[in-house]
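Engineer: Pasted the sequence and its predicted model underneath.
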Amino acid sequence: MATSRGAGRVTRATFKTDFVIASVVGFLVLFAGTWARAADKPLSEPDKTCLACHSQERLEKKLANRETLSLHVQGDAFAKSVHGVIGCAGCHADVNLKSHSAKTKKITDVREYSIASTEICRGCHAGKFKQYEGSIHASLVRDGNPVAPVCTDCHSPHAVSPKAVYETMAAVPCKNCHAAIFNAYAASMHGKARSKPGESAAPLCSDCHSAHEVAVASAREGRKTACLGCHAGALGAHQKWLPNAELHFEVISCPACHSPTAKRRVDLRLYNSMAQQDVSEQKGVPKFERRARSADAQGGGLDAIELWNLMKVFNRDGTAGKTTLRGRMEVSSGVEAHQLADKGQALSDCKICHSEGAAAFQSVTVSIAGPDGRPVRYGANKEVLNSVISVDSVSGFYAIGANRIKFLDIVFLLSLFSGIAVPAVHLTAKWVFRRYVNKIEAAKASESATDRSRHSAGGRRGGRGSK
């Protein structure tokens, strides 16, 4: 069966597809209208009963530990919120209006109550809650951090807005805790682009860190992966002018060049060369900082020998496989990492790093990945980059002559010469020896042939004499 449509024809499959699309669009329009009506819907009588008391601005509860728990709810905000359609009882099903005023709930402290209340959120938002449990925020809560955010810190429970509201510069909840970083972001090229009317392509906090499964972007590949997620063609663009662009991408963080006013440092991360991944601190067994302090006898930062001793300890009883150090250039703080400038202002002068005494090589840290992914750092002397003991520390990003570290230039040149000379000498000796052996064998063959010739000639003369 086919149905005419203008000058063309449409098959049954096409008709079904169009019907499904139209149905979905119609459903979304209907749902949007339903939500709009729900937001404007007057409060139910039970909700009005609750708000008769809880709308009072100074309504609060004094706790045993002398803290004060606010019980105030703004009625208009609640009526317009996403939770307004489920009413007060949607989350407070344990409250009986008849006995509520007489029977009070025992609450130890505000923080404990907030954490316990997240179980209510889990009931409806199990998927998002599971993502949250794997986040840096949840990890901090489990470690007892008193200010680590829970659900109600980002989503006011009585004024929960639609997702689109949280994706605006004005309402993003991250700035409540990360004000300095957010201000740096707002002044960056990303923030300025996002602030333009109707602009939503520029990344916001959740685009790089995820909204609920908040990840640690400062983990080794995290920041680069986040950048390349949007700038997929960045490597190809850099290869047009930047020598050995792939190596630069591997050992230099994007903000190190794209935050031109930032201070830079070299971070030497403990790395398992067998498993090919960063070495991580085990939860509940912090060893790195204690061992680093023990190795740092003078307390002024690890020198080359102290760093070498520290590495011996980790290789003796640490991770399975060989623990090495991988160098990476990065900016000095999270604020600087968000001060991204337009690409026209990005650093492109090689001399900034590839010159003697370059500022980026004056600050050095040694680090390990913490249990939650955040790096745990310990200071080191800049001389560790010049020591033969630390050659492995910088072998991943060092190029001969690049940083004008003359001692390492000599070491690497000797290594290069040894790598070429040893096989060359071996092959030359092998060729000379083979030639000598062939010459001896040729001489022996010639002498043997002469002896056989003489013996044959003597036999012939003896035969003639006997006749």
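Structural biologist: Structure's in. What do you need? The structure presented is a predicted model; accordingly, all values stated were derived computationally and were not measured. Residues are numbered from 1 along each chain as shown.

Engineer: ok, now which ones touch the closest residue to Thr68 other than its chain neighbours?
Structural biologist: The spatially closest residue to Thr68, leaving aside those adjacent along the chain, is Glu60, at 5.1 Å (CB to CB, 6 or more residues apart in numbering). Backbone N, C-alpha and C define where each C-beta goes, glycine included. Listed by CB atoms under 8 Å, 6 or more residues apart in numbering, the contact set of Glu60 reads 68-72.

Engineer: Which of those residues sits closest to Gly300?
Structural biologist: Thr68 (47.1 Å; CB to CB).

Engineer: Next, count neighbours for the closest one.
Structural biologist: Per other CB atoms under 10 Å, the neighbour tally for Thr68 reads 10.

Engineer: so where do the helices sit in the stretch 201-350 of the chain?
Structural biologist: Along the stretch 201-350 of the chain, counting by DSSP state H, counting those that start in this stretch, helices occupy 205-209, 222-230, 234-239, 245-251, 255-258, 288-295, 304-317, 334-337.

Engineer: List the contacts of the nearest residue to Phe249 once chain neighbours are set aside.
Structural biologist: Nearest residue to Phe249, sequence neighbours excluded (CB to CB, 6+ apart): Leu235, at 6.0 Å. Applying CB under 8 Å, 6+ apart, we find Leu235 in contact with 228, 245-246, 249.

Engineer: Now do Leu97 against Lys130, distance only.
Structural biologist: 33 Å (CB to CB, to the nearest Å).

Engineer: scratch that, Lys287
Structural biologist: 30 Å.

Engineer: Leu310 contacts Glu289, correct?
Structural biologist: No. Counting by CB atoms under 8 Å, Glu289 is not a contact partner of Leu310; they are 11.1 Å apart.

Engineer: what does stretch 253-262 contact?
Structural biologist: Contacts for stretch 253-262 (CB under 8 Å, 6+ apart): 223-224, 227, 264, 328-333, 336-341, 343, 345-348, 360.

Engineer: domain parsing for this structure?
Structural biologist: 36-161, 244-404 (automatic domain parsing).

Engineer: Which one of those has the poorest average confidence?
Structural biologist: Lowest mean pLDDT within those: domain 244-404, a mean of 84.

Engineer: Now tabulate the contacts of Leu235 in JSON lines and tack on neighbour count and distance to Glu441.
Structural biologist: Output for the contacts of Leu235, formatted as JSON lines (neighbours: other CB atoms under 10 Å; distance: CB to CB, whole Å):
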{"residue": "Leu228", "neighbour count": "15", "distance to Glu441": "63"}
{"residue": "Ala245", "neighbour count": "16", "distance to Glu441": "55"}
{"residue": "Glu246", "neighbour count": "11", "distance to Glu441": "52"}
{"residue": "Phe249", "neighbour count": "18", "distance to Glu441": "57"}
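
Engineer: Which one of the residues you listed is nearest to Ser448?
Structural biologist: Glu246 (62.4 Å).

Engineer: end to end, how far does stretch 290-309 reach?
Structural biologist: 14 Å (CA to CA, to the nearest Å).

Engineer: and if you look at stretch 131-139?
Structural biologist: End-to-end distance (CA to CA), stretch 131-139: 12 Å.

Engineer: contacting residues around that stretch?
Structural biologist: By CB under 8 Å, 6+ apart, the residues outside stretch 131-139 that reach it are 148-151, 210, 212-216, 371-374.

Engineer: circling back to that earlier point, tell me which of the helices of the stretch 201-350 of the chain sits most buried.
Structural biologist: helix 255-258 (a mean of 22; mean count of other CB atoms under 10 Å).
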